[in-house]
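J.: Sharing a model that was predicted from the sequence below.
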Amino acid sequence: MTAKPRGVAIFSGGSAANNLVDVFKEVTEGKNRPLSYVIPISDNGGSSSELIRVFGGPGRLVRLIPGNGEDPEKAAILAFFNHRLPKDSEAARHEWLDIVEARAPLWNNISSPKKELIRSFLNLLNLEIVKRARPSSVFNFSSASTGNMFLTGARLFSGSFESSIYLLSSICRVPDNVSVLPAINTSFTHHISAGLENGTVITGQNSISHPSVPTALEATSTETEDHDSIEDANLPGSLPTLRKQYISFSKSEEEELPCRIERLWYINPYGQEIRLNANSKVLDALAAAQCIIYSIGSLYTSIIPSLILRGVGDAVASPSIKYKILILNSTLDRETGPSTNPYTATDFIAAISRACSYSRGLVGPVAKDGFRKYVTHLIHLAGPGTPVVDKEELAGLGIECIRVYGRSSENGGLLMYDEKGLVQALEAVIGKGGLAGERSRRNTLEK
């Protein structure tokens, strides 16, 4: 009897990681390797923030669903779930009504049975939006994702975020070997805070990741009373900053943080630090993995929220996981600055190691010779704006570096990963088909 191949578990970032779905599909396709995406649920920016504010639970769109252009209906369904409403709130509201009433062109090429199934959950959500409308609290449809809206409607119906993801995966005919796993198994939202090296605390993912004045945990009694007068899904007395709308924000014009982020933790609605258990299905996926990949994305708000959960650090540190690969971001951002003290590749690895160590209940910094417990390989680009990689230092720590040649982005010349080159690099590490003898250590693709 042939042993079941060990899988690949991916700690997925935000929108940036969505661009690598086809890469991970190709690495596992035809090899029958289980492929698991672990997604954080602490997002409180964009349309997710409005769903969290009004409905008090995760509403993240599962954009990590492999698709293809060969099946017109599947292509139409994927386009439907990836669609976003207009930025103008009034235009967005009108388009939402057209979708709910099945008058929008988005429904073209979707069969009637699937259309009515999808529409039933959107109608349920729409009813809840109308029921909860108050003069002081009106739902803002601006830039809302139809996938987010469907997931929220399905969660409200079933009472389970996992069930809503399963339903979406079934409708989209996701392959049996692919699973999308929320880092925490919950129907409620969980928020994060970050502590800076100067002692400042910033609350909420959006405030950490995107331009804003650092928000302290303390809120004035007047602010709290004002928010408590609004009848909504939030617990009385919960932090006002967690109830604000964060529909519009900039990811390009970022105000730098005054110093580096020191650590990240989860908080309850009143701002107190809490320790949370990881979804048991995530731990099962890690236990069955031959390889884990830290994908590109915001380090502290997309990757680390999954790593600091109880059980994850021990699972990642297990020697049964042979390959622990960090795909290094091609640029630095607000979370990995400031420009006077930018993160190097070693700093990225140190942050991941600290997060996994925190998950294990270990206090204090991680010695550099312990980094290899959590990262064994680094895949990176080299060029203007990319983080500095000290290959000799990392080699001394037992971490192998693989450089891939990227391509310039369309807007400004920043380097981006080339899909073919990244596939070659990943297969150089884990081997084609998982066979130890099939390796190519040199990736010569350059564009």
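T.: Received, thanks. Bear in mind the structure is a predicted one, so any value in this text is a computation, not a measurement.
J.: pretty sure Pro338 belongs to a strand, no?
T.: No: using DSSP: H, G, I helix; E, B strand; the rest coil, the assignment for Pro338 is coil, not a strand.
J.: now the helices for the stretch 251-400 of the chain?
T.: Ranges of helices in the stretch 251-400 of the chain, per DSSP state H, counting those that start in this stretch, are 280-287, 304-307, 312-317, 345-359, 391-396.
J.: Compare these and report which one is nearest to Ser143.
T.: For the helices of the stretch 251-400 of the chain, the distance to Ser143 is smallest for helix 304-307, at 22.5 Å, taking CB to CB. In this view, the C-beta of every residue, glycine as well, is placed from N, C-alpha and C.
J.: gap between the closest one and the chain center?
T.: In this view, helix 304-307 has its centroid 10 Å away from the chain centroid, taken as CA atoms, centre = their mean, to the nearest Å.
J.: Same question for stretch 115-129.
T.: Distance of stretch 115-129 from its chain centroid, counting by CA atoms, centre = their mean, is 25 Å.
J.: residues making contact with it?
T.: For stretch 115-129, contacts defined as CB atoms under 8 Å, 6 or more residues apart in numbering pick out 54-55, 80, 96, 99-100, 102, 107, 110, 139, 146, 149-150, 152-154, 156-157, 171.
J.: go again using 6 Å as the cut-off
T.: Val100, Ala102, Trp107, Phe139, Met149, Phe150, Thr152, Gly153, Ala154, Phe157 (CB atoms under 6 Å, 6 or more residues apart in numbering).
J.: Counting neighbours, what do you get for the fourth one?
T.: So that's Phe139. 22 (other CB atoms under 10 Å).
J.: if I read this right, Ala9 contacts Cys291, doesn't it?
T.: No: using CB atoms under 6 Å, Ala9 is not in contact with Cys291; the gap is 7.5 Å.
J.: more crowded one of these two?
T.: Ala9 (27 against 23).
J.: check contacts around Leu397.
T.: Counting by CB under 6 Å, 6+ apart, Leu397 has contacts Lys368, Phe371.
J.: so who does Ile321 touch?
T.: Ala289, Ile292.
J.: Relative to Arg372, how far out is it?
T.: 12 Å (CB to CB, to the nearest Å).
J.: again with Gly383
T.: Counting by CB to CB - Gly383 and Arg372 are separated by 27 Å.
J.: More neighbours: which of these two?
T.: Shown here are Gly383 and Arg372; by other CB under 10 Å, Arg372 has more neighbours (18 against 12).
J.: quick one, what contacts that one?
T.: Applying CB under 6 Å, 6+ apart, the residues contacting Arg372 are Gly398, Ile399.
J.: Over to Ala76?
T.: Residues near Ala76 by CB under 6 Å, 6+ apart: Asn109, Ile110.
J.: Any idea how many residues pack against Val375?
T.: Neighbours of Val375 (other CB under 10 Å): 25.
J.: Go ahead and confirm it touches Phe348.
T.: No: taking contacts as CB under 6 Å, Val375 lies outside contact range of Phe348: 8.6 Å.
J.: I'd like to know how many residues surround Ala367.
T.: By other CB under 10 Å, the residues close to Ala367 number 9.
J.: distance of it from Ile349?
T.: 12 Å.
J.: Among the contacts of stretch 115-129, which one lies nearest to Ser193?
T.: Using CB to CB, these come closest to Ser193 at Thr152, 24.5 Å.
J.: That closest one: which element?
T.: Element membership for Thr152 (DSSP states H and E) is helix 146-158.
J.: Could you list the low-pLDDT ranges of the stretch 201-350 of the chain?
T.: Low-confidence segments of the stretch 201-350 of the chain, defined by pLDDT under 70: 210-254.
J.: What segments of the stretch 201-350 of the chain are strands?
T.: Counting by DSSP state E, counting those that start in this stretch, the stretch 201-350 of the chain has strands at residues 201-203, 261-267, 273-274, 289-294, 323-327.
J.: what does the last one contact?
T.: Taking contacts as CB under 6 Å, 6+ apart, the residues outside strand 323-327 that touch it are 291-296, 375-379, 429-430.
J.: what's the closest of those residues to Ala75?
T.: Using CB to CB, the contacts of strand 323-327 come closest to Ala75 at Ser295, 24.2 Å.
J.: Let me see the contact set for the closest one.
T.: So Ser295 contacts Ile10, Ser12, Gly13, Ala17, Ile327 (CB under 6 Å, 6+ apart).
J.: tell me which element the fourth one falls in.
T.: Taking DSSP H and E as the definition, Ala17 sits inside helix 15-18.
J.: same deal with the first one?
T.: Ile10 belongs to strand 7-11 when assigned by DSSP H and E.
J.: Need the residues that contact that strand.
T.: 28, 33-38, 285-286, 288-289, 291-295, 303, 306.
J.: Measure how it sits relative to helix 345-359, angle-wise.
T.: 100 degrees (axes from the mean of the first three to the mean of the last three CA atoms, to 10 degrees).
J.: For strand 7-11, which strands pair with it and how are they oriented?
T.: Partners of strand 7-11 in the sheet, by DSSP bridges, are strand 35-39 (parallel), strand 289-294 (parallel).
J.: Out of those strands, the one nearest Pro269 is which?
T.: Across these, closest to Pro269 is strand 35-39 (CB to CB), at 21.8 Å.
J.: Export the strands paired with strand 7-11 as a markdown table, with columns for distance to Glu392.
T.: What follows is the strands paired with strand 7-11, written out as a markdown table (distance: least, CB to CB, whole Å):
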| stretch | distance to Glu392 |
| --- | --- |
| strand 35-39 | 32 |
| strand 289-294 | 22 |
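J.: nearest to Leu332, of those strands?
T.: Of all the strands paired with strand 7-11, the one in closest proximity to Leu332, counting by CB to CB, is strand 289-294 (16.1 Å).
J.: what number of residues lie near the nearest residue to Glu26 once chain neighbours are set aside?
T.: Nearest non-adjacent residue to Glu26, counting by CB to CB, 6 or more residues apart in numbering: Val423, 5.2 Å away. Per other CB under 10 Å, the neighbour tally for Val423 reads 20.
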